[in-house]
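Trainee: here is a sequence with its predicted model. Questions after.
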Amino acid sequence: MKQPTVDCPVCQSKVVFSPESPFRPFCSERCKLIDLGDWAAENHRIPDKSPVNPELGEAYLAELEAEMMEQDNAFFKD
């Protein structure tokens with residue numbers, strides 16, 4: 001029976017997809033670590049298709065932060 005093969009996601013070399021290939025779907029530990037580093041550096045992302053809430057924009061968050069600072073300052077003045 002023929003073993004299924006896949007392309008390594010990093011270098012595109014053919015990898016036999018079986019328990020005998022310990023780094024599958026990668027061809028080697030090196031390619032596995034390169035891919036992990038790409039995820040950690042956010043070079044790969046799962047797209048977020050949820051709508052953006054305009055109320056949580058940068059200007060709104062800056063206003064909230066300013067209000068919190070005023071409340072903190074008022075608290076320490078009393």
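Mentor: It's in.

Trainee: which parts of the chain are helices?
Mentor: 29-40, 58-77 (DSSP state H).

Trainee: distance between the first one and the chain's centre?
Mentor: Per CA atoms, centre = their mean, to the nearest Å, the displacement of helix 29-40 from the mean C-alpha position of its chain is 13 Å.

Trainee: contacts for stretch 19-31?
Mentor: The contact list for stretch 19-31, computed with CB atoms under 8 Å, 6 or more residues apart in numbering, reads 6-11, 13, 15-18, 32, 35. Any C-beta I mention is one placed from the backbone N, CA and C, and that applies to glycine too.

Trainee: point out where this structure drops to low pLDDT.
Mentor: Low-confidence regions of the chain, defined here as pLDDT under 70, cover residues 54-56, 76-78.

Trainee: if we can go back for a sec, strands - which of the contacts of stretch 19-31 land there?
Mentor: Counted as lying in strands by DSSP state E, out of the contacts of stretch 19-31, are 6, 7, 15, 16.

Trainee: test my guess that the second one contacts residue 17.
Mentor: No: distance between residue 7 and residue 17: 10.4 Å, which falls outside the contact criterion (CB atoms under 8 Å).

Trainee: okay, the helices of the chain, which one's buried deepest?
Mentor: The highest mean neighbour count among these, using mean count of other CB atoms under 10 Å, belongs to helix 29-40: a mean of 13.

Trainee: output that one in PDB, but only the C-alpha positions, please.
Mentor: Output in PDB follows, covering the C-alpha atoms of helix 29-40 (Å, rounded to 0.1, in the frame of the first residue of the first chain):
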ATOM      1  CA  GLU A  29      12.900  19.700  13.100                       C
ATOM      2  CA  ARG A  30      14.500  22.700  11.500                       C
ATOM      3  CA  CYS A  31      11.400  23.300   9.300                       C
ATOM      4  CA  LYS A  32       9.100  22.700  12.300                       C
ATOM      5  CA  LEU A  33      11.000  25.400  14.300                       C
ATOM      6  CA  ILE A  34      11.000  27.900  11.400                       C
ATOM      7  CA  ASP A  35       7.200  27.500  11.200                       C
ATOM      8  CA  LEU A  36       6.800  27.900  15.000                       C
ATOM      9  CA  GLY A  37       8.900  31.100  14.800                       C
ATOM     10  CA  ASP A  38       6.800  32.500  12.000                       C
ATOM     11  CA  TRP A  39       3.600  32.000  14.200                       C
ATOM     12  CA  ALA A  40       5.300  33.500  17.200                       C
END
